[in-house]
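S.K.: Just the structure for this:
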Amino acid sequence: MSYLWRAGKYTFDLTAWFTMCNEAAVLDVHMGNWQFAHDKLRESLLNELPIDEKTRIHRLVATAIEAVYPNDAVYAEALAEHWYMAGDGIKTALYACMAGEQALLVGNFHGAQTLLGRGLVLLPDTGQEVLQAELLKYLGALHWRSSDYPQAIRFYTESAQIATRMDDKSAIAEAYNGLAFVECLIDEYTQAQDHAQIALENARFARDKRNTARALSNLGIVAESQQDFSGARALYDESVHIFRTIGDERGLASALNNSGSVADSLGDYDAAKADYEESLRLCKQIGYRHGIATLSNNLGVLYERMGQYDTAWTYYQESLSVSTNIRDRRGSAHAFINLVYTAIELGRVSDARQYIRNAILAVKDGYAQNIIPHIIAGAGFLYLQMNRLERVAMLIGQLEHIPHDHDFKTLRLAALLKELSQKMNMDDIQAISHGQTPHPPMDILNDILEDFLRFDNTRF
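M.R.: Next comes the predicted model:
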């Protein structure tokens with residue numbers, strides 16, 4: 001009502017009207033705002049209105065908010081709701097994009113799903129392909145953040161198809177950058193490289209610096225996966241420079257995270273720490289919670305590498321807390337498995353067993369398949385604590401048949417083999433490990449899960 005009043009739609013004494021409603025116990029004040037005294041009053045009033053009247057009122061309220069607060073993102077969610085109820089597909093999509101972007105930033109994935117989904121429902125009949133491509137892009141971003149990679153790929157692909165049909169070079173670059181990033185997350189680096197290259201060519205043609213920087217960063221991730229660390233660093237440096245030049249804090253935070261990763265791999269821990277800390281500071285400054293979880297985890301890995309386990313523990317716990325809060329199962333899984341190793345180093349073995357169970361359950365639910373080798377090696381360290389040396393040697397043998405990255409080999413596998421060799425003859429280790437018949441990774445995880453559950457039940 002206050003929106004309509006300030007928009008000039010009514011001329012009666014609004015204060016007197018509010019006072020009268022308050023005295024009749026229809027309205028009251030909550031945190032400085034007028035509201036219905038009881039939800040049922042509002043619901044009853046709305047239910048009694050004819051559909052045409054509801055539509056008219058929603059349109060009236062939306063128009064009033066636009067008049068009083070023009071181009072104010074704070075009201076984007078309310079405007080998306082009112083225009084949706086008014087049946088205006090174009091305006092619903094416009095404000096859904098605006099509000100959805102904010103919801104993704106703060107990790108409100110459920111809210112983003114509702115907003116973007118509503119925009120997509122009404123939009124196809126309007127012929128607004130630019131907005132449709134934009135909505136699909138945000139839906140792709142939503143689904144990779146919630147670890148639903150097939151759906152993310154589907155939405156980015158649809159966005160790319162529409163952008164290609166329009167021959168909108170920036171939109172093409174945007175969609176293919178999204179595709180490339182998701183493909184990096186699922187270790188599909190050949191496709192990621194192809195799509196990042198398409199994004200780069202289109203972004204440069206359109207003189208789109210933001211998407212040029214994103215494409216360079218994606219190509220850096222591919223180079224890093226191939227252990228071309230110097231090539232990756234050069235690509236990340238160029239990406240960081242562009243993002244700084246255009247003042248894109250979100251993009252800069254992401255590029256700095258990548259730069260920190262390659263510095264870590266090169267053993268340049270001071271540079272990695274500086275990049276990670278600047279990135280984390282930016283994420284906190286703009287309220288990017290997914291980034292906060294990722295950077296906290298990466299700083300935990302760095303401090304673990306440097307043997308500062310208490311500090312690593314603190315960062316991993318922060319990562320787990322934020323990931324859990326925003327329902328990022330992939331992020332939670334990474335924090336769980338990293339906490340396993342840190343807990344062992346700190347003598348918190350029972351905590352380590354609990355965290356490894358949580359990590360296994362996350363993988364069984366379809367999240368973070370790339371941490372399977374880390375879980376198996378983590379179980380190996382726990383079996384060392386139990387003096388089950390042959391079991392450790394068997395797991396090392398299984399790990400020889402499971403794909404893993406360079407970081408795993410240097411940070412986890414080498415350390416496990418070193419500790420086992422201090423308790424068991426190397427010839428015996430090789431005889432057991434080399435004699436292993438490969439088992440499906442999920443079967444190995446199930447065996448580990450049952451083993452530790454049995455152990456804890458016996459101790460209890």
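
S.K.: tell me the centre residue of the protein?
M.R.: Arg145 (3.1 Å; Cα atoms, centre = their mean).

S.K.: hang on, it packs against Ala103?
M.R.: No. Contact criterion Cβ atoms under 8 Å: Arg145 and Ala103 do not qualify, at 10.5 Å. (Each C-beta comes from the backbone N, C-alpha and C, glycine too.)

S.K.: Please confirm that Pro403 is located within a helix.
M.R.: No. Per DSSP: H, G, I helix; E, B strand; the rest coil, Pro403 lies outside any helix segment and is coil.

S.K.: so who does it touch?
M.R.: Pro373 (Cβ atoms under 8 Å, 6 or more residues apart in numbering).

S.K.: any idea how far it is from Ile153?
M.R.: 20 Å (Cβ to Cβ, to the nearest Å).

S.K.: Tell me which residues touch Asn257, please.
M.R.: Listed by Cβ under 8 Å, 6+ apart, the contact set of Asn257 reads 275-276, 279, 291, 294-295, 298.

S.K.: ok, now with 7 Å
M.R.: 276, 279, 294-295, 298 (Cβ atoms under 7 Å, 6 or more residues apart in numbering).

S.K.: For those residues, which two are the farthest from each other?
M.R.: Using Cβ to Cβ, the two most remote members of the contacts of Asn257 are Tyr276 and Thr294, lying 9.7 Å apart.

S.K.: Out of the contacts of Asn257, who's the most crowded?
M.R.: Among the contacts of Asn257, the one with the most neighbours (other Cβ atoms under 10 Å) is Leu295, at 30 neighbours.

S.K.: Just want the phi and psi numbers for the residue lying closest to that one once chain neighbours are set aside.
M.R.: Closest residue to Leu295 apart from its sequence neighbours, by Cβ to Cβ, 6 or more residues apart in numbering: Leu280 at 3.9 Å. Dihedral pair for Leu280: phi -60, psi -40, per degrees, to the nearest 10.

S.K.: give the contact list for Leu280.
M.R.: Counted by Cβ under 7 Å, 6+ apart, Leu280 has contacts 292, 295-296, 299.

S.K.: Asp248: which of these is nearest?
M.R.: Leu295 (16.9 Å).

S.K.: what's the closest non-adjacent residue to His401?
M.R.: Pro438 is the one closest to His401 (Cβ to Cβ, 6+ apart), at 3.9 Å.

S.K.: Relative to Ser421, how far out is that neighbour?
M.R.: 23 Å.

S.K.: The closest residue in space to Met98 that isn't next to it in sequence: neighbour count?
M.R.: Excluding the flanking residues, the one nearest Met98 by Cβ to Cβ, 6+ apart is Ala76, at 3.9 Å. Applying other Cβ under 10 Å, we find 23 other residues in the vicinity of Ala76.

S.K.: in a helix, that's where Ala76 is, yeah?
M.R.: Yes. Membership of Ala76 in a helix is supported by three-state DSSP.

S.K.: I'd assumed Ala96 was in contact with it.
M.R.: No. Look at Ala76 against Ala96 with Cβ atoms under 7 Å: they stay out of range, at 8.1 Å.

S.K.: That concludes my questions; thank you for your assistance.
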